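> I would like to see how this sequence folds:
(chains A and B)
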Number of protein chains: 2
Amino acid sequence: MTVDANSSISVNTDTTKQQALKSKAISLDAMGGDNMPHAAVEGAIRAQSEGINVVLVGDTEILSAELAKHGATVPIHDARDVITMQDHASEVRRRKESSIMQAMQLAKSGECSACVSMGHSGATMAASLFVLGRIKGVERPAIMANMPTLKGVSVLADAGANADCRPSYLQQFAVMGSIYHRVLHGSTNPQVGLMSIGEEEEKGNELTLESHQLLKETASIKFYGNIEGRDVLSGDVEVIVTDGFTGNVILKLAEGEAKTIFKWLREGVESGGPLAKLGALLLKPVFRKLRAKLDPSEYGAQPLLGVNGYAFIGHGSADSKAVYNALKTARLTVEAGLLEQLKTEIAQLS
Amino acid sequence: MTVDANSSISVNTDTTKQQALKSKAISLDAMGGDNMPHAAVEGAIRAQSEGINVVLVGDTEILSAELAKHGATVPIHDARDVITMQDHASEVRRRKESSIMQAMQLAKSGECSACVSMGHSGATMAASLFVLGRIKGVERPAIMANMPTLKGVSVLADAGANADCRPSYLQQFAVMGSIYHRVLHGSTNPQVGLMSIGEEEEKGNELTLESHQLLKETASIKFYGNIEGRDVLSGDVEVIVTDGFTGNVILKLAEGEAKTIFKWLREGVESGGPLAKLGALLLKPVFRKLRAKLDPSEYGAQPLLGVNGYAFIGHGSADSKAVYNALKTARLTVEAGLLEQLKTEIAQLS
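As a prediction, the model looks like this:
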């Protein structure tokens, strides 16, 4: 089932795998990430049991052994190299045998419909750009993150792919974010807010002042205007547009603060005596629901939109549930024809 | 007690006020803000009862009537104009009779030691710059915000004064933030973290990449390196340095998320049946403590450091407790000689 690790791109001809590929399997980098390969294998088994076909990409021996523990069969595409968190993202260019590059190649060649990785985010992004290329007209692909809000879920674009941006990038993020929100959350005409430091259009930095004008003139989106940090979780807008630096700070602060507040609550309960402990016990279902709402693994992974294919980037700490959710999210976007919608709307922008 | 509202700068010669000024009273814009003048009057009365002298700046008739309700006497400096939230910040230049401009003039002339306003933030900032000017060598004054963390309180610099920044500004923010943390929180050698999107020094945007190198070379601070959004509330660094755009987003997101999480908790309790309600009742003291920790009015107002004087900017929604806390914070920094320390360390930078 395995092929020579030194060949440039290895294609597995196993029958089970061929069947999986026919029904548009998703290639899963099963080696990159803190909890790999077991989280990848468990997530893939669960997804497969629900009709989502997956190809595990990684070391065949390790993956076979892991699958054997579960008595399960999932197609494997052999890849003997792994980009670790210690490696530089740019190494993907020369390490074509790495699991992320092999997984991406499967998505590129059409053997697989999409690629999911929980490994090195920078490397996954670099591999996506290098292997899939950009959609014609897209200046910079962007990461779309899902944020829980008081009214549902909003999409944050860009969540970290582009640290320095131009107004035209933000315009494309707005268009791509709107399409992604429609596809993933079933909205019809999502409102787009521009992250700034004042609601008035004359407030902001150089980037947002120019971007505000451009977004106002963009016919294909529903522009709400500026929003502020306090509006991120209010859900008044479904799409939050910002540069990748600010977006990444927002995403990580939101996750970090939720964890900190839970920690403070736990400390308060622990030092609060038996009545506080009883109270916490009675509120357990409420806390559990709140925790689930704030759980970043709810959607499993974030797409890099703007590349010419489907690439999903997950948390390095992803567990099997996150892998499963990522595969579900990938499948949903593929079935909805997200890529074709992006191509059409980006072409109309210019 | 009042003077002609049309005179350029009115000086009140009332004896009570003279005494207040001698012992370094703080001028309080008693008109600007959502809850004025009652929050200003109540906050000032409380501060005065604890030996912090205050001059209320605003419409004498209105303020006298408000003071009469409490049977209290606090010196008043008459000012008949108010800059409202609907006005443009730059209007302070020509509206010298406004409460914020009059209050700032008192801090400039030496009649008062510091100026506090809960009104229009932009106008307060503009008035500070216009009336007090900058400390020699300071490129851009910055707003210092206090953030609760797992280990205490950190200072965020800049929290919103400068939307677009250069590396040299961030270097000065780091120095000013360190001094402020030492003065307000009693630290000896606070660690400075540079807000970025990766811990590695080669990660970030153009501004942070350059700033990182500059901060490394700054002898008067203890530079920790880059931090990420998730580290804001961890308290691993005492001073968080960032541009005013990102800082403002961080500050408002942190406040907004805390409110949202409490809202979700409340909703969960309300829909959770009688056991959940009992649980919430038992946890009331824990919730109250957590709420107090996350309360932005804890320090009342944020200083604009780098101007040649003491100017404090509060929340428009400030209540009397926030006003009282702001007056206490102002008094503390004046007594510690913060301004002199800033002048010395900024001079050493160049």
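> quick one: contacts for A:L67?
A:V41, A:I45, A:L56, A:T73, A:V74, A:I76 (Cβ atoms under 8 Å, 6 or more residues apart in numbering or on different chains). Quick note: C-beta positions are derived from backbone N, CA and C, even for glycine.
> likewise A:I52?
The contact partners of A:I52, taken as Cβ under 8 Å, 6+ apart, are A:I26, A:L327, A:K328, A:R331.
> Could you check how far the closest residue to A:E50 other than its chain neighbours is from A:N35?
Residue nearest to A:E50 in three dimensions, not counting chain neighbours: A:K328, with 8.0 Å by Cβ to Cβ, 6 or more residues apart in numbering or on different chains. Applying Cβ to Cβ, to the nearest Å, the value for A:K328 to A:N35 is 18 Å.
> now A:L63
A:L63 is 14 Å from A:N35, by Cβ to Cβ.
> So for those two, which sits in the more crowded spot?
Neighbours were counted for A:L63 and for A:N35 using other Cβ atoms under 10 Å in any protein chain shown; A:L63 has more, 26 against 18.
> where along chain A do the strands fall?
Remark: strands assigned in chain A by DSSP state E are A:25-29, A:54-58, A:76-78, A:112-117, A:142-149, A:152-157, A:191-195, A:222-227, A:239-241, A:301-305, A:311-314.
> Out of these, which gets nearest to B:G272?
Smallest distance to B:G272 across these (Cβ to Cβ): 18.7 Å, for strand A:142-149.
> List the neighbouring strands of the closest one plus their orientation.
Neighbouring strands of strand A:142-149 in its sheet, by DSSP bridges, are strand A:152-157 (antiparallel), strand A:301-305 (antiparallel).
> Buried ones in the longest one, by neighbour count?
Read that as strand A:152-157. Within strand A:152-157, the residues that qualify as buried are A:V153, A:S154, A:V155, A:L156, A:A157, counting by 16 or more other Cβ atoms under 10 Å in any protein chain shown.
> so how far is that strand off the chain centroid?
For strand A:152-157, the separation from the chain centroid amounts to 12 Å (computed by Cα atoms, centre = their mean, to the nearest Å).
> relative to strand A:191-195, how tilted is it?
50 degrees (axes from the mean of the first three to the mean of the last three Cα atoms, to 10 degrees).
> could the strands of chain A go into a markdown table alongside mean pLDDT?
Output for the strands of chain A, formatted as a markdown table (pLDDT from 0 to 100):
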| stretch | mean pLDDT |
| --- | --- |
| strand A:25-29 | 97 |
| strand A:54-58 | 97 |
| strand A:76-78 | 97 |
| strand A:112-117 | 97 |
| strand A:142-149 | 96 |
| strand A:152-157 | 96 |
| strand A:191-195 | 98 |
| strand A:222-227 | 98 |
| strand A:239-241 | 98 |
| strand A:301-305 | 96 |
| strand A:311-314 | 96 |
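> Tell me which of these lies nearest to A:G272.
A:G272 lies closest, by Cβ to Cβ, to one member of the strands of chain A: strand A:142-149, at 27.4 Å.
> ok, residues contacting the closest one?
The contact list for strand A:142-149 (Cβ under 8 Å, 6+ apart) reads A:125, A:153-162, A:169, A:172-173, A:176-177, A:180, A:184, A:232-235, A:240, A:244, A:247, A:251, A:254, A:293-294, A:298-299, A:302-306, A:313, B:260.
> re the thing from before, residues touching the residue nearest to A:E50, list them.
Contacts for A:K328 (Cβ under 8 Å, 6+ apart) come out as A:A47, A:E50, A:I52, A:G300.
> Low-confidence bits of chain A, can you list those?
In the prediction, chain A carries residues with pLDDT under 70 at positions A:1-23.
> how about the closest residue to chain B within the stretch 1-150 of chain A, what does it touch?
Minimum separation of the stretch 1-150 of chain A from chain B (Cβ to the nearest Cβ) falls at A:L150, amounting to 6.1 Å. Contacts here follow Cβ under 8 Å, 6+ apart; on that basis A:L150 touches A:L233, A:S234, A:G235, B:T260, B:K263, B:W264.
> For the second one, grab the count of nearby residues.
For A:S234, the count of nearby residues is 18 (other Cβ under 10 Å).
> The last one too?
Neighbour count for B:W264, taken as other Cβ under 10 Å: 18.
> Does it touch A:L290 like I think?
Yes. With contact defined as Cβ atoms under 8 Å, B:W264 and A:L290 form a contacting pair (5.3 Å).
> Domain-wise, how is chain A divided?
For chain A, the structural domains run A:1-138+A:306-336, A:140-297, going by automatic domain parsing.
> Wait, A:A276 touches B:R288, no?
No. Here A:A276 does not reach B:R288: they are 11.5 Å apart, not a contact under Cβ under 8 Å.
> Could you double-check that A:P296 sits in contact with A:G316?
No. The criterion here is Cβ under 8 Å, and A:P296 misses it with A:G316 at 11.7 Å.
> Please say which of the two ends up with more neighbours.
The residue with more neighbours, out of A:P296 and A:G316, is A:P296; 21 against 16, by other Cβ under 10 Å.
> hang on, the earlier thing: make JSON lines out of the strands paired with strand A:142-149 and add distance to B:E206.
Below are the strands paired with strand A:142-149 laid out as JSON lines (distance: least, Cβ to Cβ, whole Å):
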{"stretch": "strand A:152-157", "distance to B:E206": "21"}
{"stretch": "strand A:301-305", "distance to B:E206": "22"}
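> Which one of those lies nearest to A:L129?
Nearest of those to A:L129, taken as Cβ to Cβ: strand A:301-305 at 8.0 Å.
> Contacts made by the closest one with the rest, please.
The contact list for strand A:301-305, computed with Cβ under 8 Å, 6+ apart, reads A:116-118, A:124-125, A:128, A:141-146, A:157, A:159, A:161, A:176-177, A:179-180, A:310-315, A:318, A:322, A:325-326, A:329-330, A:333, A:338, A:342.
> residue contacts, A:K252?
Applying Cβ under 8 Å, 6+ apart to A:K252 gives the contacts B:I197, B:E228, B:G229, B:R230.
> Return the residues in contact with the third one.
To tie it back to what came earlier, the one meant is B:G229. B:G229 neighbours (Cβ under 8 Å, 6+ apart): A:N248, A:V249, A:I250, A:L251, A:K252, A:L253, A:A254, A:E255, A:G256, B:M195, B:I197, B:I250.
> can you rerun that using 7 Å?
Neighbouring residues of B:G229 by Cβ atoms under 7 Å, 6 or more residues apart in numbering or on different chains: A:N248, A:V249, A:I250, A:L251, A:K252, A:L253, A:G256.
> And for the first one?
If a contact means Cβ under 7 Å, 6+ apart, then B:I197 has A:G160, A:A163, A:F245, A:N248, A:V249, B:K203, B:G204, B:E228 as its contacts.
> One more: the last one?
Residues in contact with B:R230 (Cβ under 7 Å, 6+ apart) are A:K252, A:L253, A:E255, A:G256.
> can you pick the most crowded of these?
Busiest of these [other Cβ under 10 Å] is A:L253, holding 25 neighbours.
> so what's it closest to, chain neighbours aside?
That would be B:G229: by Cβ to Cβ, 6+ apart, it lies 3.6 Å from A:L253.
> So which residues on the stretch 1-150 of chain A come close to chain B?
Residues of the stretch 1-150 of chain A lying near chain B by Cβ under 7 Å from any Cβ of the partner chain: A:L150.
> just the helices in the stretch 1-150 of chain A please.
A:15-22, A:38-49, A:60-70, A:99-109, A:121-127 (DSSP state H, counting those that start in this stretch).
> re the thing from before, pull the most distant pair out of the contacts of A:I52.
Farthest pair in the contacts of A:I52, by Cβ to Cβ: A:I26 and A:K328, 9.7 Å.
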